[in-house]
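S.K.: no sequence for this one, just the structure:
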């Protein structure tokens, strides 16, 4: 019962955050397709191509809004001085070319992944690393993510560039989200929260449409810490048990007005209309690639026989 | 200080001075002038509030369309170009491009290569000035004092609506029958590389693997202090330093000369200076979108204009003939490759590298 509630709130959160950004520009049909729905209904709709009616009556193909979360690196860096539409278009074409060779799956901060990289120093020329994704960033071909694991009681983090041709395979062993966008606090947490066995196998998702949120609250080691976690409003961390003066100082230093700063948000994000255009441009190719892989997977075991 | 003046232009000495450390030299050299040349016509329309009725405005636009409607980029076969041979001493035309950003690529060993993406805009030759005529101009006389004169090719890029420019500026192009261009540039060329007016110059003008020099105006940092502008170390951040963290310190000895030397490094305007980044290798050319990927960085901010020429550096100069005098796409039949990559690069559509 509790888990079902958690799943629903994620879906609601998705819809709400989508509404906040798209309030003015969304057309009627897109809004009605994402009410607060149960996971079963979501399963039927999630992969579908939506067709919004244009003013002139022509159907305009629009990618599903989940694409913004599944492929965030297709959105360019929002800094206005550095933006150029032609360059972004060319970069997207290169990204799709690379994605046609290797499957770069949907993953989030908090997912456990296994990456195989070509390594000349390794005995069998390939190095495999399993870890939890603690942060992801970059846009375009510079997109990266950091995997963390604890190996022989030593914390290890590796930054992988998603489009590097040395990467042979990226596999998501457990697809889930956490309560925070960045899990850098795992560096100051007890090692059991960052330890994952290298022999871990891919877990089958119970529900393909909704990505579960792991509501785990991590226990931190005693201070000193690498960062002032009490100032960062972390959801996924247990009560820090600090003296009151830390929280008082955090309140003095806090910037509570930032959540009302519309221009700050605007400068950090790509406008909704542009996002729609970008994903509309790439989604047909991404879907085709996805389809080809699914067919190959189904045929795979039979062709090996 | 004539030796310093000669240092200003010399690419080789600059290459020697600017090694792995960022050295901000040349404090005694006049760095920039911001006024346009007196010989240039007034470019932009000054008064924009012409009280013109909607009908008349429509008529003006029709006239403009009629005037320019027959002008389309000419093909190689339509131009009368003399067949000239390329030799290592030939100086070809350059190209005006826009720096549209940086993109990273990987080579076949898996090393990352950061390339600057240069978009070759719609370059057209406006006119060719033969050497005898060019030497008589004020600019040409300075350039070719005590040297054999060379010709000058005037190239324009980025065609724009004539309504934005003055009549004098539009007349520069109307003789040739082209829409007025936003940017103009001169390229010094040998007479055998001359091109007739209205010739389009595209990204195919260069070869993949060739080295180029890119000229641009550096990023304008505005008024900057001595630490950023000249690389001074400033003072200690703590340990009781009173108001001395990013200052210059002493500006003279006090003894001999008893004054501040001209050219003493001090805060001032930084950036917006003409610079050449020499010897950059072309890694990839996209013929369809007219885009060149050049290894390294070029002077200037993103979306600023640069000029690209064949390199002057003696060890990286062209040894084989490039498209001379320029590249003309084949008429039909032989479809050349749209996207040409350097042989050392890992093409994105090819399988992952296994070491």
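M.R.: Received the coordinates, thanks. Given the structure is predicted, the values throughout are model-derived calculations rather than measurements.
S.K.: how about the helices in chain A?
M.R.: For chain A, the helices defined by DSSP state H cover A:2-22, A:28-33, A:39-45, A:67-70, A:85-101, A:244-253, A:262-268, A:272-304.
S.K.: The residue of the stretch 151-300 of chain A found nearest chain B: what's it in contact with?
M.R.: Of all residues in the stretch 151-300 of chain A, residue A:166 sits closest to chain B, with a separation of 4.3 Å (Cβ to the nearest Cβ). The way it works is simple: take the backbone N, C-alpha and C, and place the C-beta from them, glycine included. Shown in contact with residue A:166 (Cβ atoms under 8 Å, 6 or more residues apart in numbering or on different chains): A:117-119, B:106, B:110, B:352-353, B:355.
S.K.: go with 10 Å
M.R.: When contacts are counted by Cβ atoms under 10 Å, 6 or more residues apart in numbering or on different chains, residue A:166 touches A:116-120, A:126-127, A:160, B:106, B:109-111, B:346, B:352-355.
S.K.: ok, now residue B:191?
M.R.: With Cβ under 10 Å, 6+ apart, residue B:191 has these contacts: B:84, B:90-91, B:128, B:130-132, B:149-151.
S.K.: can you rerun that using 7 Å?
M.R.: The contact partners of residue B:191, by Cβ atoms under 7 Å, 6 or more residues apart in numbering or on different chains, come to B:130-131, B:151.
S.K.: Let's see which of those end up in helices.
M.R.: Within these, residues falling in helices by DSSP H are residue B:131.
S.K.: export the contacts of residue B:191 to TSV and tack on distance to residue A:103 and neighbour count?
M.R.: Converted to TSV, these look like this (distance: Cβ to Cβ, whole Å; neighbours: other Cβ atoms under 10 Å in any protein chain shown):
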residue	distance to residue A:103	neighbour count
B:130	60	13
B:131	61	18
B:151	56	22
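S.K.: Keep only those of the contacts of residue B:191 that are also close to chain A.
M.R.: Counting by Cβ under 7 Å from any Cβ of the partner chain, nothing from those sits close to chain A.
S.K.: What's the separation between residue B:52 and chain A?
M.R.: Counting by Cβ to the nearest Cβ, to the nearest Å, the gap from residue B:52 to chain A is 31 Å.
S.K.: Tell me, how many residues neighbour that residue?
M.R.: Each residue near residue B:52 was counted by other Cβ atoms under 10 Å in any protein chain shown, and the total is 10.
S.K.: what about it, which helix or strand?
M.R.: Using DSSP states H and E, residue B:52 sits within no helix or strand.
S.K.: Could you tell me the per-residue confidence at it?
M.R.: The model reports residue B:52 with a pLDDT of 84.
S.K.: swap in residue A:156?
M.R.: Taking residue A:156 on its own, its pLDDT is 97.
S.K.: swap in residue B:21?
M.R.: You'll see residue B:21 listed with a pLDDT of 48.
S.K.: ditto for residue B:34
M.R.: 72.
S.K.: Now it. Nearest residue, chain neighbours left out?
M.R.: residue B:272 (7.8 Å; Cβ to Cβ, 6 or more residues apart in numbering or on different chains).
S.K.: Go ahead and report the secondary structure state at the one you found.
M.R.: Secondary structure state of residue B:272, per DSSP: H, G, I helix; E, B strand; the rest coil, is coil.
S.K.: List the residues that contact it.
M.R.: By Cβ under 7 Å, 6+ apart, residue B:272 lies in contact with B:32, B:217-218, B:220.
S.K.: Kindly write the PyMOL command that selects the buried subset of those.
M.R.: Here is the PyMOL selection string for the buried members of the contacts of residue B:272, based on 16 or more other Cβ atoms under 10 Å in any protein chain shown:
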select buried, chain B and resi 217+218
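S.K.: so of the contacts of residue B:272, which ones are in strands?
M.R.: residue B:217 (DSSP state E).
S.K.: thinking again about what came up before, drop anything exposed from the contacts of residue A:166.
M.R.: The neighbour-count test (16+ other Cβ under 10 Å) marks A:116-119, A:127, A:160, B:106, B:110, B:346, B:352-353 as buried among the contacts of residue A:166.
S.K.: Make CSV out of these and add distance to residue A:86.
M.R.: Formatted as CSV, the buried ones among the contacts of residue A:166 follow (distance: Cβ to Cβ, whole Å):
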residue, distance to residue A:86
A:116, 34
A:117, 32
A:118, 32
A:119, 36
A:127, 37
A:160, 28
B:106, 22
B:110, 28
B:346, 23
B:352, 28
B:353, 28
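S.K.: would you turn those into CSV with pLDDT?
M.R.: What follows is the buried ones among the contacts of residue A:166, written out as CSV (pLDDT from 0 to 100):
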residue, pLDDT
A:116, 96
A:117, 96
A:118, 95
A:119, 91
A:127, 94
A:160, 97
B:106, 96
B:110, 93
B:346, 95
B:352, 91
B:353, 91
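S.K.: that older thread, look up how far chain A lies from the residue nearest to residue B:34.
M.R.: When distance is defined by Cβ to the nearest Cβ, residue B:272 is 15 Å away from chain A.
S.K.: per-residue confidence for residue A:90?
M.R.: Note for residue A:90: predicted pLDDT of 96.
S.K.: number of nearby residues for residue 176?
M.R.: By default, I'm working from chain A. 19.
S.K.: should've been chain B
M.R.: A count of nearby residues for residue B:176, using other Cβ under 10 Å, gives 16.
S.K.: Three-state assignment for it, please.
M.R.: Classification of residue B:176 by three-state DSSP places it in coil.
S.K.: before we move on, back to that, among the contacts of residue A:166, which are located in strands?
M.R.: Under the assignment DSSP E, those contribute A:116-118, A:126-127, A:160, B:106 to strands.
S.K.: State the distance from the residue in the stretch 201-350 of chain B that chain A sits nearest to to residue B:199.
M.R.: Of all residues in the stretch 201-350 of chain B, residue B:348 sits closest to chain A, at 3.9 Å by Cβ to the nearest Cβ. Distance, residue B:348 to residue B:199, using Cβ to Cβ, to the nearest Å: 33 Å.
S.K.: least trustworthy helix or strand in chain A by mean pLDDT?
M.R.: Least confident helix or strand, chain A: helix A:28-33 with a mean of 36, by mean pLDDT, DSSP states H and E.
S.K.: which ones are touching residue A:194?
M.R.: Going by Cβ under 7 Å, 6+ apart, residue A:194 touches A:132, A:148-150, A:155, A:186.
S.K.: quick one, domains of chain A?
M.R.: Taking the TED database as the domain assignment, the ranges for chain A are A:73-102+A:258-289, A:104-203+A:211-251.
S.K.: hang on, the earlier thing: which two in the buried ones among the contacts of residue A:166 are spaced the farthest apart?
M.R.: Farthest pair in these (Cβ to Cβ) is A:127 and B:346. Separation: 18.7 Å.
S.K.: Thanks a lot, see you next time.
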